[in-house]
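>>> Coordinates for the following, if possible.
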Amino acid sequence: MTELMRLLALYYACEVSAETQFPSPSEWARCMGHYHAVKAHFAGDLTGPQAQIEGYRAWKTWEDDNGVLVAHLRERATR
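Residues are numbered from 1 along each chain as shown. Model (predicted):
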C-alpha cells in the first residue's frame, strides 16, 4: 500500500501542476509514467492493452471507494 500511496501522490501532484501550467515534454513524460504505473498497480497480473483498461477501471473504483483518502492526497498535492 505504501508504494501505491507514493505513486498516487506523484500522479496527483502532476495533475495539480497541469491545471496551472502546460507541462514541458520531460514533465509530461514523467507524469505519464506515474499515470501508467498507477494503472499497472491496479491491473495486477493482467498484460497487454486489456491491462491498461482494467487497471484504469479498478483505479477509478478504488478512488470512489476511498474518497476521503483521495481528497486528502489531492489536498496534499496542492501544497
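>>> C-alpha only now, for contacts and for neighbours.
OK.
>>> Quick check: which helices or strands does the host helix or strand of residue 3 pack against?
Using DSSP states H and E, residue 3 falls within helix 2-20. Judged by 3 or more CA pairs under 8 Å, 6 or more residues apart in numbering; DSSP states H and E, helix 2-20 is in contact with helix 25-43, helix 67-77.
>>> ok now the helix or strand just after the longest one, how far from the chain's centre?
Under the assignment DSSP H and E, the closest C-terminal helix or strand after helix 25-43 is helix 49-65. Averaged C-alpha coordinates place helix 49-65 at 10 Å from its chain's average position (CA atoms, centre = their mean, to the nearest Å).
>>> Now helix 49-65: buried residues?
Across helix 49-65, burial judged by 16 or more other CA atoms under 10 Å covers 51-52, 54-56, 58-59.
>>> on that earlier part again, return the most buried member of the helices and strands packed on helix 2-20.
Neighbour counts (mean count of other CA atoms under 10 Å) averaged over each of the helices and strands packed on helix 2-20 peak at helix 25-43, with a mean of 17.
>>> what sits up against stretch 6-20?
Stretch 6-20 is touched from outside by 23, 31, 34-35, 37-38, 73-74, 77-78, with contacts defined as CA atoms under 8 Å, 6 or more residues apart in numbering.
>>> make it 10 Å
1-5, 23-24, 27-28, 30-38, 41, 70, 72-79 (CA atoms under 10 Å, 6 or more residues apart in numbering).
>>> Over to stretch 31-50?
3-15, 18, 23, 25-29, 51-60, 62.
>>> can you rerun that using 8 Å?
So stretch 31-50 is in contact with 4, 7-8, 10-11, 14, 51-52, 54-56, 58-59, going by CA under 8 Å, 6+ apart.
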